[in-house]
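Novice: Sequence plus predicted model, see below.
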Amino acid sequence: MADPISRRDLDFLLYEWLDVEQFTKAQRYADHSKDTFDAVLDLAQDIAIKKYAPFNKLLDQNEPYVGDDGKVVLPDATADGVREFLAAGLIAGPFGEELDGGSLPSTVHQAAMTWFQAANPAMSSYTFLTVGNANLLAEYGTPEQIDTWVRPMLEGRYFGTMCLSEPGAGSSLSDITTKATPVGDGTYRVSGTKMWISAGDHELGENIVHLVLAKAPGGGPGVKGISLFIVPKVLQDGTRNDVALVGLNHKMGQRGTTNTLLNFGDGTFPVGDESGAVGYLVGEEHKGLFYMFHMMNEARIGVGFLATAIGYAGYLQSLEYAKTRVQGRPVDSKDPASKPVAIIEHPDVKRMLLAQKSYVEGGLALGLWSSTLVDRAATATDDDERARAALLLDVITPISKSWPSQWCLTANDLAIQVLGGYGYTKEFDVEQCYRDNRLNPIHEGTHGVQAIDLLGRKFTMKGGAGLRALVETITETIERATAAGGDAAGYAATLRASADRIPATVMAAWAAGDPAVALANATAFLEATGHTVLAWLWLEQFLAAAGKEGDFYDGKRAATQYFFRYELPKTGPMFDLVAAGDRTTLDASPDWF
């Protein structure tokens, strides 16, 4: 079976393109070198292939269930794999020395985590969410909260979740009804219901630290009234907190990750004389959504990585199949007695493989470049440089989440098509890849939510500073490619025309000053802008491969050519639609459907 990720591609992106060794010059990462980076990647690859990948199908076919004792039951392979991951210390990799972490650059950590996401998406989610939870508390928690909750997570004893959505309030967080009432001793009592909570209950560790959004008194209406609370499954004295598992949701994919409906404070596990689950305020009251965005944005980029990883795994499986499956003859072969050829010889199969390659390798480049912004912000010695990196990260997050979720899912669809009839059978893994990946356009803010965020906020905030920073970054590459001449200059000219349309379309969309019209076609704008960004990243890879010989580099050049000829031209009509202020969807009456 094919590896779930190409190590050769990872090495190219990290060392030949992004030059992650540059970060070792900063004090924060001074103890590292290419050797230590490679050691982490080797370790991740080894554990993922041995302890995660062999059980991907097992977890898909054996969903979590609630036993007679009310506890969640998982296959033994889940605990074994997660235990191996934790024992290797990988969960603490990106944290600093002050937390006994590995002080690993975010870019290298994310590259290592991609192995687990590609090998077994469901198993990888338990630790993925825990890292995000710990990161938020390390940033905004008190020293006592960090010692009490973060350190045990990084030791592998506690796990973490994020509890935002409710049955009646999905992405509309202003409508949440979970309440938090102060009881006078510094704690709060939390009451309400949270839905779709991934990894919300299990027996993998000693405790689960829930980060819960709730409304505290005096906060006013909407999101301004939301506060953030630590609500552990088990209190520090060993008492079970009033957090009850109501049921498990059964998903089409990523079935091995528990997905839960949780009740907080319903009296199932009463604590003392007060009603409600014991909660501890994070930061200040009524600033909870601001704090939670730290984890949400990290999770959004993580979902983009997950989508890319699943798409990548499907691509490599379909590639392996196409090289070994013999069927048909070239169209110019007139002799029916001639031997059939491997299907990878057929142009349409090559088309599907090139499309997948351009999506998944492009998606991986997008995620890793986004991660370098985290490292640049962490290591910058200049305030302007740090602010620019943070601004670019903020702007790119909706694209980093949504573009891979859409197009790496398309890659999985094409992988099924390459396998033909075998593709949609359970005997092969590509159908599971598609089901697993179909969740990601919904996870952590739907495609439409990300589109509105990009056009309605990220590209208009601070007077359009983020938009200018992104276009300037793309333009720098265009100028380098133009100076290089040849094919690079041709791609540069094509990309410039598309990149110029981004700010022009933003201005046209908002020209009338009507948000309803401007945002009616936000999804088309997100897709067109995302494709333009990916064309830029392919031009970057093209330049990194310049002058280098071999099949690997020829493959990069072929994928660049494919993306510029087949994909980038799709952006024109989408930009046109947005700029024209088309009202088709806005004016469609519900009665017409």
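Specialist: Okay, I see it.

Novice: Strands along the chain, start to end?
Specialist: For the chain, strands defined by DSSP state E occupy the ranges 65-66, 72-73, 158-163, 179-182, 188-198, 207-215, 226-232, 243-248, 259-264, 277-281.

Novice: wait, which of these is closest to Asn135?
Specialist: Relative to Asn135, the nearest member of these by Cβ to Cβ is strand 158-163, separated by 9.5 Å. Any C-beta I mention is one placed from the backbone N, CA and C, and that applies to glycine too.

Novice: quick one: that closest one to strand 207-215, angle?
Specialist: Counting by axes from the mean of the first three to the mean of the last three Cα atoms, to 10 degrees, strand 158-163 points 20 degrees away from the direction of strand 207-215.

Novice: which residues sit against strand 158-163?
Specialist: Identification of contacts with strand 158-163 by Cβ atoms under 8 Å, 6 or more residues apart in numbering yields 126-127, 129-134, 149, 152-153, 194, 197-200, 202, 204-213, 231, 262, 292, 295-296, 299.

Novice: Among those residues, name the buried ones.
Specialist: When neighbours are counted using 16 or more other Cβ atoms under 10 Å, the contacts of strand 158-163 contain these buried positions: 126-127, 129-134, 149, 152-153, 194, 197-200, 202, 204-205, 207-213, 231, 262, 292, 295-296, 299.

Novice: sorry, back to before: quick check: which of the strands of the chain is nearest to Ala389?
Specialist: Using Cβ to Cβ as the criterion, the shortest distance between Ala389 and these is 24.4 Å, found for strand 158-163.

Novice: average pLDDT across the closest one?
Specialist: The predicted model gives strand 158-163 an average pLDDT of 97.

Novice: Quickly run through the sheet partners of that strand, with directions.
Specialist: strand 207-215 (parallel) (DSSP bridges).

Novice: mind checking how far the partner strand is from the chain centre?
Specialist: Centre-to-centre, strand 207-215 and its host chain are 21 Å apart (Cα atoms, centre = their mean, to the nearest Å).

Novice: angle of that strand against strand 277-281?
Specialist: Going by the same axes, to 10 degrees, strand 207-215 is angled at 80 degrees with respect to strand 277-281.

Novice: what pLDDT does the closest residue to Glu540 other than its chain neighbours get?
Specialist: Take Glu540 and drop its neighbours on the chain: the residue closest to it by Cβ to Cβ, 6 or more residues apart in numbering is Thr477, 5.7 Å away. If you check Thr477, the pLDDT there is 98.

Novice: try the one 10 residues further on
Specialist: Reading off the confidence values, Asp487 has pLDDT 98.

Novice: Please work out how many residues are found near it.
Specialist: Asp487 is flanked by 15 other residues according to other Cβ atoms under 10 Å.

Novice: contacting residues around it?
Specialist: When contacts are taken as Cβ under 8 Å, 6+ apart, Asp487 is in contact with Phe542, Arg557, Gln561.

Novice: gap between it and Ile478?
Specialist: Computed with Cβ to Cβ, to the nearest Å, the distance linking Asp487 and Ile478 is 14 Å.

Novice: same check, this time on Arg151
Specialist: According to Cβ to Cβ, Arg151 and Ile478 sit 47 Å apart.

Novice: So for the two, which sits in the more crowded spot?
Specialist: Under the criterion of other Cβ under 10 Å, the comparison of Arg151 against Ile478 puts Ile478 first, with 22 against 17.

Novice: which residues does the more buried one contact?
Specialist: Ala492, Leu495, Arg496, Ala499, Trp536, Leu539.

Novice: what do you get for Arg255?
Specialist: When the contact criterion is Cβ under 8 Å, 6+ apart, the partners of Arg255 are Leu59, Asp60, Glu63, Pro64, Ala122.

Novice: Kindly recompute the last result at 6 Å.
Specialist: By Cβ atoms under 6 Å, 6 or more residues apart in numbering, Arg255 lies in contact with Asp60, Glu63.

Novice: same check, this time on Gly222
Specialist: When contacts are counted by Cβ under 6 Å, 6+ apart, Gly222 is found next to Ser174.

Novice: cool, the one 4 residues further on as well?
Specialist: Contacts for Ile226 (Cβ under 6 Å, 6+ apart) come out as Leu213, Lys215, Gly288, Leu289.

Novice: can you put those residues in JSON lines and add pLDDT?
Specialist: Rendered in JSON lines, the data for the contacts of Ile226 read as follows (pLDDT from 0 to 100):
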{"residue": "Leu213", "pLDDT": "96"}
{"residue": "Lys215", "pLDDT": "95"}
{"residue": "Gly288", "pLDDT": "95"}
{"residue": "Leu289", "pLDDT": "92"}
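
Novice: Highest neighbour count among those residues?
Specialist: Gly288 (29 neighbours).

Novice: Trp536: what's its closest spatial neighbour, skipping adjacent residues?
Specialist: The shortest distance from Trp536 to any non-neighbouring residue, by Cβ to Cβ, 6+ apart, is to Ile474 (4.6 Å).

Novice: For that neighbour, the count of nearby residues, please.
Specialist: What Ile474 shows, counting by other Cβ under 10 Å, is a neighbour count of 23.

Novice: right, and it touches Leu534 too?
Specialist: No - in terms of Cβ atoms under 6 Å, Ile474 does not count as a neighbour of Leu534; the distance is 11.0 Å.

Novice: contact partners of stretch 313-327?
Specialist: With Cβ under 6 Å, 6+ apart as the contact definition, stretch 313-327 has outside contacts at 2, 4, 118, 340, 342-344, 349, 356, 360, 411-412, 415, 418-419, 429-430, 433.

Novice: quick one: low-confidence ranges for the stretch 101-250 of the chain?
Specialist: Low-confidence segments of the stretch 101-250 of the chain, defined by pLDDT under 70, are absent; every residue clears the threshold.

Novice: residue ranges for the helices of it, please.
Specialist: For the stretch 101-250 of the chain, the helices defined by DSSP state H, counting those that start in this stretch cover 106-119, 121-140, 143-145, 151-154.

Novice: Any idea which of these gets closest to Arg189?
Specialist: Short answer: helix 143-145, nearest of these by Cβ to Cβ, at 17.9 Å.

Novice: Farthest-apart pair in the contacts of Ile226, please.
Specialist: When those are compared pair by pair using Cβ to Cβ, the two farthest from each other are Lys215 and Leu289, 10.8 Å apart.
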